[in-house]
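J.: starting from these lines, generate the structure:
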Amino acid sequence: VEPNDGFLSQLKAYQAVLGIPETDEATDSETQQRQQDAHVQSRLLDIARRREEEGTVEVSDLSGDPAALISREDIRLYTCRLCNRPLFTPKNVARHEMGRGTSAFSHKKTAKEDHFHQKVECTSYFIEPMAWMRMLDNVEGKLMCPKCDTRLGTFRWQGAQCSCGAWITPAFQIVKKNVDERIFPHASH
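T.: Numbers count the residues shown, from 1 in each chain. A predicted model of the protein is given here:
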């Protein structure tokens with residue numbers, strides 16, 4: 001028994017949307033990561049659309065608090081650098097294609113040219129809206145740690161430009177130097 005041609009053409013179209021190559025070159029983890037990236041981006045766009053239509057963000061639209069995951073399983077979390085409060089998991093990160101570096105910025109935003117086309121590294125994580133975030137009904141604002149009130153980054157529903165030059169919409173931007181990556185072991189270890 002083999003799938004019919006209609007199903008195979010739909011599958012190829014779906015894989016193209018997710019960016020999965022037609023060959024078997026993609027590993028299972030790459031495929032899972034692409035699917036996760038597509039899911040996060042889809043959620044971000046749905047939340048942004050509903051916010052624009054309804055003027056508010058519902059609590060049910062936000063990702064759960066990662067602090068609740070500790071002790072149930074081994075988990076990798078990003079925590080506030082100052083107080084170690086869990087903020088988000090790798091699954092909450094909205095990965096993006098690298099931009100063109102400083103050449104992507106207008107002349108007013110950059111003081112130096114990228115003469116040597118140096119490898120540009122992102123200085124922020126772009127994540128989906130989380131339950132601990134406040135004031136999300138505003139068009140833009142600061143993202144503060146819910147425990148110690150340290151500024152972690154910013155959010156802008158209209159989007160923001162990453163340090164690599166890519167434009168991310170909507171943008172919930174956490175500066176990498178403000179968080180630590182930690183692994184929390186399962187409580188029964």
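
J.: and the helices in this protein?
T.: 5-18, 28-54 (DSSP state H).

J.: show the residue spans covered by the strands in the protein.
T.: 75-80, 86-88, 124-126, 140-144, 151-156, 160-161, 167-168, 171-175, 179-184 (DSSP state E).

J.: and the first one, average pLDDT?
T.: What it means is strand 75-80. Strand 75-80 shows a mean pLDDT of 91.

J.: beta partners of residue 143?
T.: With DSSP bridges as the criterion, the beta-bridge partners of residue 143 are residue 153.

J.: now for the residue nearest to residue 83 when sequence neighbours are not counted, how many residues are close by?
T.: Using CB to CB, 6 or more residues apart in numbering and skipping the chain neighbours, the partner closest in space to residue 83 is residue 148 (4.0 Å). From N, CA and C alone the C-beta is placed, and that goes for glycine too. Per other CB atoms under 10 Å, the neighbour tally for residue 148 reads 12.

J.: next, the contact list for residue 148, please.
T.: 80, 82-83, 85 (CB atoms under 8 Å, 6 or more residues apart in numbering).

J.: and the furthest pair within these?
T.: Within the contacts of residue 148, 82 and 85 form the most distant pair, 8.6 Å apart (CB to CB).
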